[in-house]
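>>> The amino acid sequence is not available; the structure is as follows:
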């Protein structure tokens, strides 16, 4: 799916980058690979991969693209464009102001006050999982915690049996990773088929869960249509079952190699949020895209209507011009800027839940397992796709 250089693309801006398998990914890991690309290339480049598209590699340029919906549309957010045009989930593929009513539905269930009210149940879930293996001296962190904790929390939020999570997460991965056993379109169809009877049942007999609340809510004098409900519910599940799973993997793998950071976090007790914010800066992991609305000049380049521009959100936090020594985790870093949760109208509505989950994990894990290291059974090779990930993290500790 490589493309010839369009006439409006200068030859000196062509860089051979597959955003799902960037140069250096295997050798240096996900974040070092993107950090190097950011440090050694112009702020905006063009690649012939994935049907040909621009990439914002500078933090400032990336934030501009994310925030300026008048020039850069969310109509297509997945590359290559021929696949992204099949996405169509709401509200992520709708621009302001049309997206606002749907976004308000999400905000109503994921706002800071609501998440604070869930803190004790989130903590109880973390404690139960950690206590299940703490005395053993080892665990497969990926399978026994990262793929359990945020998913159990989220499945409770939408009132779906946690036993359903593996197949639902598999469909989500088919929509976010190349080379899976289902195409993007098949994964989306599986979601719709699964959710249709659930949506009908919740509409007829609503409960106190997030999905029921969204289905019953008033949006401009009406409720969601069935198609809108299926699209919005699918988007909620795709977003809720992947990103925190993977960021937890990167964070615990880093802590295993950094005794000073572990000591800093233990000393903070329940006051971990400043470090959590730094960890999210360091471990951004979602690569999406925007479509150019009309011919425009951007960072000295001529972009044409219909062009696609990738926004690997991790590069904002890893741009050395924005955050000095960006690969270092500095608990005292002030005013760290990043786009891990996006920016502008489509900033992630689940960011408060993600922060809370990571903060509670750090607090409860370090109370029970203060010292640990990476086990020999780990497979730290990166997983290509829209969301960065490590394959398997084994952790060991003295008992």
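Looks like it came in fine. A quick note: this is a predicted structure, and the numbers were derived from the prediction, not measured.
>>> And the contacts of the helix or strand encompassing residue 289?
Using DSSP states H and E, residue 289 sits in strand 287-292. With contacts defined as CB atoms under 8 Å, 6 or more residues apart in numbering, strand 287-292 is touched by 19-20, 53, 65-66, 71-79, 81, 84, 303-314, 386-388. Any C-beta I mention is one placed from the backbone N, CA and C, and that applies to glycine too.
>>> What of stretch 87-106?
So stretch 87-106 is contacted by 69, 73-78, 184, 188, 213-214, 217, 219-220, 224, 228, 231-232, 234-236, 238, 345-346, 349-350 (CB under 8 Å, 6+ apart).
>>> For it, list every residue counted as buried.
Of the residues in stretch 87-106, 87-95, 99, 101-103, 105-106 count as buried by neighbour count, 16 or more other CB atoms under 10 Å.
>>> Also stretch 106-126?
For stretch 106-126, by 16+ other CB under 10 Å, it's 106, 109-110, 115, 118, 122-123, 125-126.
>>> Including secondary structure, pLDDT and distance to residue 2, could the residues you listed go into CSV?
Formatted as CSV, the buried residues of stretch 106-126 follow (DSSP: H, G, I helix; E, B strand; the rest coil; pLDDT from 0 to 100; distance: CB to CB, whole Å):
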residue, secondary structure, pLDDT, distance to residue 2
106, helix, 92, 37
109, helix, 90, 42
110, helix, 92, 39
115, helix, 93, 44
118, coil, 93, 46
122, helix, 96, 45
123, helix, 97, 49
125, helix, 96, 45
126, helix, 97, 45
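>>> Can you list the low-confidence ranges for the stretch 251-399 of the chain?
For the stretch 251-399 of the chain, no stretch has pLDDT under 70.
>>> Show me which positions of stretch 67-77 end up buried.
67-69, 71-74, 76-77.
>>> which two in those residues are spaced the farthest apart?
Using CB to CB, the two most remote members of the buried residues of stretch 67-77 are 67 and 76, lying 17.5 Å apart.
>>> between the buried residues of stretch 67-77, which is closest to residue 179?
Looking across the buried residues of stretch 67-77 and measuring by CB to CB, the closest to residue 179 is residue 77, at 20.0 Å.
>>> Nearest spatial neighbour of that closest one, chain-adjacent residues omitted?
residue 288 (4.7 Å; CB to CB, 6 or more residues apart in numbering).
>>> per-residue pLDDT, residue 51?
Residue 51 carries a pLDDT value of 97.
>>> and if you look at residue 84?
So, for residue 84, pLDDT stands at 93.
>>> circling back to that earlier point, put the buried members of the contacts of strand 287-292 into a PyMOL selection.
Typed into PyMOL, the next command selects the buried ones out of these (criterion: 16+ other CB under 10 Å):
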select buried, resi 19+20+53+65+66+71+72+73+74+76+77+78+79+81+84+303+307+308+309+310+311+312+313+314+386+387+388
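>>> Residue for residue, what is the longest helix the protein has?
Using DSSP state H, we find that the single longest helix of the chain is helix 184-204.
>>> Now tell me what touches the helix or strand just after that one from outside.
Later in the chain than helix 184-204, the nearest helix or strand by DSSP H and E is helix 210-216. With CB under 8 Å, 6+ apart as the test, helix 210-216 has contacts from 105-106, 108-109, 157-159, 198-199, 202-203, 206, 223-224, 229, 232-233, 236.
>>> From the residues you listed, list just the buried residues.
For the contacts of helix 210-216, buried by 16+ other CB under 10 Å: 105-106, 109, 157-158, 198-199, 202-203, 224, 229, 232-233, 236.
>>> pLDDT check: weakest of those residues?
residue 236 (87).
>>> so where do the strands sit in the stretch 51-200 of the chain?
Taking DSSP state E, counting those that start in this stretch, the strands of the stretch 51-200 of the chain run over residues 53-56, 72-73, 138-140.
>>> CSV please, covering these and showing distance to residue 243.
Shown next, in CSV, are the strands of the stretch 51-200 of the chain (distance: least, CB to CB, whole Å):
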stretch, distance to residue 243
strand 53-56, 20
strand 72-73, 22
strand 138-140, 20
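>>> Out of those strands, flag the one nearest residue 333.
Checking the strands of the stretch 51-200 of the chain against residue 333 by CB to CB gives strand 53-56 as the closest, at 22.8 Å.
>>> What's opposite the spatially closest residue to residue 307 that is not a sequence neighbour in the beta bridge?
Nearest residue to residue 307, sequence neighbours excluded (CB to CB, 6+ apart): residue 292, at 4.2 Å. In this entry, residue 292 is beta-bridged to residue 72, by DSSP bridges.
>>> residues near residue 292, how many?
20 (other CB atoms under 10 Å).
>>> Pull up the gap between it and residue 61, please.
With distances taken as CB to CB, to the nearest Å, residue 292 is found 13 Å from residue 61.
>>> closest to residue 338 among the buried residues of stretch 67-77?
For those, the nearest to residue 338 is residue 67 (13.6 Å; CB to CB).
>>> The closest one contacts residue 346, correct?
No. Shown here, residue 67 and residue 346 do not form a contact pair, counting by CB atoms under 8 Å, at 9.2 Å.
>>> what's in contact with the longest helix of the chain?
For helix 184-204, using CB under 8 Å, 6+ apart, the contacting residues are 78, 83, 86-87, 89, 160, 168, 171-175, 180, 182, 209, 211-212, 215-216, 226, 229-230, 233-234, 237-238.
>>> List the buried residues of that helix.
Neighbour-count burial for helix 184-204 [16+ other CB under 10 Å]: 184, 187-188, 190-191, 194-195, 198-199, 202-203.
>>> returning to that earlier point: and which of the buried residues of stretch 67-77 is nearest to residue 268?
The shortest approach to residue 268 among these belongs to residue 67, at 32.2 Å (CB to CB).
>>> how close does the residue lying closest to that closest one once chain neighbours are set aside get to residue 70?
Take residue 67 and drop its neighbours on the chain: the residue closest to it by CB to CB, 6+ apart is residue 344, 3.5 Å away. Here the criterion is CB to CB. By it, residue 344 lies 11 Å from residue 70.
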